[in-house]
Structures are given as structure tokens and as C-alpha cells.
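Asker: got a structure for you, letters missing:
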């Protein structure tokens, strides 16, 4: 993901690695509150993109959802093991 400055000029300020492939971009959903953008996709856990400064951004798993997603993966793995 690339972030750009505005004001009539284009200048790349940072690049952030994301878990999304190019073919998944159409299914991304966004919501924003102040300097935090929530990003969701049906095949990935929710993430928060946080603006720390004009050149400093952070992409992290979204709080409680990171726990819930981990539990979902754990339960899926346990289910698969029982079926084998």
C-alpha cells in the first residue's frame, strides 16, 4: 500500500506491506474514525491502518478481532485433525 502527499504534488511518503493480493482488492471494505482506518476482507482478519504522522503509518490486526481470528483458526485446525 502506498501513501501520497497532497497539495497539488505527488510524492510517495511510505510503503506498507499488506496481506491482500491484487485479486482481493475489490472485496476490501473500509471505515474510518479520525486517524484510524478499519480494513476488512472476507478471507482475512480485520486490520487497522493508523496514521501516526505524515510519514509514519502502522498496519496491525484489529484488537479483539485478532484474538477471535486466532481462535477461529485454532478451532478449524482442531476440526480438521478430528476428521483425519
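Answerer: Now that the structure is in, tell me what you want to look at. Remember, it's a predicted structure, so these values are computed and weren't measured experimentally.
Asker: Pass me the low-pLDDT residue ranges in the protein, would you?
Answerer: Within the chain, the segments meeting pLDDT under 70 span 1-13, 63-84.
Asker: show me where it has strands.
Answerer: Assigned by DSSP state E, the chain shows strands spanning 2-4, 12-15, 29-33, 36-41, 44-53, 56-61.
Asker: what about the ones you listed, which gets the closest to residue 23?
Answerer: Nearest to residue 23 among these is strand 36-41 (11.4 Å), distances taken as CB to CB. Quick note: C-beta positions are derived from backbone N, CA and C, even for glycine.
Asker: Can you add distance to residue 22 and give the strands of the chain back as a markdown table?
Answerer: Shown next, in a markdown table, are the strands of the chain (distance: least, CB to CB, whole Å):
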| stretch | distance to residue 22 |
| --- | --- |
| strand 2-4 | 13 |
| strand 12-15 | 15 |
| strand 29-33 | 17 |
| strand 36-41 | 13 |
| strand 44-53 | 14 |
| strand 56-61 | 17 |
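Asker: got TSV for those strands, with mean neighbour count too?
Answerer: Below are those laid out as TSV (neighbours: other CB atoms under 10 Å):
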stretch	mean neighbour count
strand 2-4	11
strand 12-15	11
strand 29-33	9
strand 36-41	16
strand 44-53	16
strand 56-61	14
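Asker: Now do the same contact list for residue 50.
Answerer: The neighbours of residue 50, taking CB atoms under 8 Å, 6 or more residues apart in numbering as the test, are 35, 36, 37, 57, 58, 59, 60.
Asker: now swap in residue 51 and tell me
Answerer: Applying CB under 8 Å, 6+ apart, one finds that residue 51 lies in contact with 35, 36, 57.
Asker: can we see that at 7 Å?
Answerer: Taking CB atoms under 7 Å, 6 or more residues apart in numbering, we find residue 51 in contact with 35, 57.
Asker: ok, back up a step: between the contacts of residue 50, which is closest to residue 46?
Answerer: Comparing the contacts of residue 50 against residue 46 with CB to CB places residue 60 closest, at 10.2 Å.
Asker: give me the beta-bridge partners of the closest one?
Answerer: Here residue 60 sits in beta bridges with residue 48, going by DSSP bridges.
Asker: Residue 48 is in contact with that one, correct?
Answerer: Yes. With contact defined as CB atoms under 7 Å, residue 60 and residue 48 form a contacting pair (5.6 Å).
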